[in-house]
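> how would this look folded up:
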Amino acid sequence: MRFWVRTLLVTVPPADCEAAREGHIEHLRRLGAEGRLRAAGQLGSEEGFLEIFEARDRLEAEAICRSSPLVEEGLSTWTLWEWTELTP
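Residues are numbered from 1 along each chain as shown. Next up, the predicted model:
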């Protein structure tokens, strides 16, 4: 498995995406329950999220990115990078 970093930036006012935001958090919980989520956090004050997760390849990583309600409902933009952990 490879590691991937997704940034997800919300493009609508917070009040317009409360249900989708809760759905996104549930999406992260599912990834965590599957043992695929390495780290996740919120950016700024409800401005978006940053996550590090595992996927076999870019195709699977993109599918995971698109499966968030915030993305499915067109309430955010996202970027994806493969991530290689460096140990000092």
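> switch to C-alpha atoms for all contacts and neighbour counts from now on
Will do.
> quick one, strands of this protein?
Taking DSSP state E as the criterion, the chain carries its strands at 2-10, 37-43, 48-55, 76-83.
> need these in CSV with mean pLDDT, distance to Leu70 and mean neighbour count, can you?
Converted to CSV, the strands of the chain look like this (pLDDT from 0 to 100; distance: least, CA to CA, whole Å; neighbours: other CA atoms under 10 Å):
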stretch, mean pLDDT, distance to Leu70, mean neighbour count
strand 2-10, 97, 8, 20
strand 37-43, 96, 13, 15
strand 48-55, 98, 10, 19
strand 76-83, 97, 6, 15
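> could the ones you listed go into JSON lines alongside distance to Glu26?
JSON lines is the format used below for the strands of the chain (distance: least, CA to CA, whole Å):
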{"stretch": "strand 2-10", "distance to Glu26": "15"}
{"stretch": "strand 37-43", "distance to Glu26": "12"}
{"stretch": "strand 48-55", "distance to Glu26": "13"}
{"stretch": "strand 76-83", "distance to Glu26": "16"}
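> Val5 versus the residue lying closest to Arg21 once chain neighbours are set aside, what's the distance?
Spatially, and ignoring its direct neighbours in sequence, Arg21 is nearest to Leu70 (6.4 Å; CA to CA, 6 or more residues apart in numbering). To Val5, Leu70 is 17 Å away according to CA to CA, to the nearest Å.
> and what of Pro13?
Distance of Pro13 to Val5, given as CA to CA: 24 Å.
> Ala40 now?
The gap separating Ala40 from Val5 is 10 Å, by CA to CA.
> what is in contact with the two at once?
Contact criterion CA atoms under 8 Å, 6 or more residues apart in numbering; residues shared by Ala40 and Val5: Leu50, Glu51, Ile52.
> skipping its backbone neighbours, what lies nearest the last one in space?
Here the nearest residue to Ile52 in space, its sequence neighbours aside, is Val5; by CA to CA, 6+ apart that works out to 4.5 Å.
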